[in-house]
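S.K.: sequence and predicted structure are below.
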Amino acid sequence: MKPILPLLFILLTYLTHAQMPFNPFPFSKDIGSPQIAGKTQYDKTNQQFILDAGGYNIWFERDEFHFTYNTISGDFMITTRLGFEDMEVDAHKKIGIMFRASEAENAAHVSAVLHADGLTVLQWRRLKGAFMRDPQDQVFSTKDNYNILQLERKGDEFIMRAAHDGEHLQHIGSILLTDMPA
């Protein structure tokens, strides 16, 4: 029996070039086959997403989670303010920003995530179906419980920054992923 990790998201997202009154992430779906179907609500007035879902994990050789997204290409920078609504948590429950090569459950991806236990980390799967390795496929922050995350792409480089309310963004780490689609 695989454990089910409840994933409950509250996130306020700003694209760095503008604050937009429309939903910048209009698509939503379950990745993999989570036992608890996910749902996304978007509050246009507050530009706030509320995600409710549960799945096996975002790790090992495949993922199960609920994904609210838009398709993009090229370089980008996305900054989000986030937090957990439900503090009764599984330590592996996570929220954040993810760039995926596809919607496949075993897709290559890079993620800037906050875990429910406060761990803030840059994680990735280099190739479709590859096992994510601990600690080789992640960069850990030196502080916990960041509530502002940023993921930037510059060519093949993915850069994570994070902050607590009132702080400047701090560089957490970066990774070159040459096999990610442009």
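M.R.: Cool, got the structure. Residues are numbered from 1 along each chain as shown.

S.K.: tell me which residues of stretch 140-150 are tucked away?
M.R.: Within stretch 140-150, the residues that count as buried by 16 or more other Cβ atoms under 10 Å are Ser141, Tyr146, Asn147, Ile148, Leu149, Gln150. For the C-beta atoms, the positions are set from N, CA and C on the backbone; glycine is no exception.

S.K.: could you tell me the end-to-end distance of it?
M.R.: Taking Cα to Cα, to the nearest Å, stretch 140-150 runs 14 Å from one end to the other.

S.K.: mind checking how far that stretch is from the chain centre?
M.R.: The gap between where stretch 140-150 is centred and where its chain is centred comes out at 13 Å by Cα atoms, centre = their mean, to the nearest Å.

S.K.: and of the buried residues of stretch 140-150, the nearest to Asp165?
M.R.: For Asp165, the nearest member of these is Asn147. The distance, counting by Cβ to Cβ, is 6.3 Å.

S.K.: what pLDDT does the closest one get?
M.R.: What the model reports for Asn147 is a pLDDT of 96.

S.K.: how about it, phi and psi?
M.R.: With angles defined as degrees, to the nearest 10, Asn147 shows backbone torsions of phi -120, psi 0.

S.K.: against Trp124, how distant is Val139?
M.R.: Taking Cβ to Cβ, to the nearest Å as the measure, Val139 and Trp124 are separated by 9 Å.

S.K.: in a markdown table: the buried residues of stretch 140-150, plus secondary structure and distance to Asp43.
M.R.: As requested, the buried residues of stretch 140-150 are exported to a markdown table (DSSP: H, G, I helix; E, B strand; the rest coil; distance: Cβ to Cβ, whole Å):
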| residue | secondary structure | distance to Asp43 |
| --- | --- | --- |
| Ser141 | coil | 29 |
| Tyr146 | coil | 23 |
| Asn147 | coil | 18 |
| Ile148 | strand | 19 |
| Leu149 | strand | 20 |
| Gln150 | strand | 22 |
